[in-house]
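J.: Any chance you can model this:
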Amino acid sequence: LKTPLSDDPHGISGGVEVMGSFEDTGDNWSVLPGIYMPVGNRVILKTGLEFGREDGADSRRANVTLMTSF
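T.: Model (predicted):
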């Protein structure tokens, strides 16, 4: 889920990614709220803090992703 934070539909956006296991949803899941920033013609930088559970233990991660379309 992602939505622009200004009137520019191709500008900075806020979003949330939800990931999990369909076999045991109580054991493996995570939520990653993030900011998506265009840094080039077809390049987007995504950053955020991910939290959830992994193999029965609490997990927290800092996430930085550089994405390009081709």
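J.: where does this structure dip in pLDDT?
T.: Residues of the chain that meet the criterion pLDDT under 70 lie in 22, 24-26.
J.: which non-adjacent residue is nearest residue 68?
T.: residue 43 (5.0 Å; Cβ to Cβ, 6 or more residues apart in numbering). For every residue, glycine as well, the C-beta is placed using N, CA and C.
J.: Equivalent analysis for residue 15, please.
T.: Nearest non-adjacent residue to residue 15 (Cβ to Cβ, 6+ apart): residue 2, at 3.4 Å.
J.: ok, the one you found - contacts?
T.: Residue 2 sits next to 13-15, 36 when contact means Cβ atoms under 8 Å, 6 or more residues apart in numbering.
J.: repeat for residue 6
T.: By Cβ under 8 Å, 6+ apart, the residues touching residue 6 are residue 12.
J.: If we use 10 Å, what do you get?
T.: 12-13 (Cβ atoms under 10 Å, 6 or more residues apart in numbering).
J.: again, but for residue 50
T.: Residue 50 touches 17, 19, 30-34, 59-63, counting by Cβ under 10 Å, 6+ apart.
J.: cool, residue 62 as well?
T.: If you count contacts by Cβ under 10 Å, 6+ apart, then residue 62 has 47-50 around it.
J.: Mind telling me what element it is part of?
T.: Here residue 62 sits within strand 57-68, counting by DSSP states H and E.
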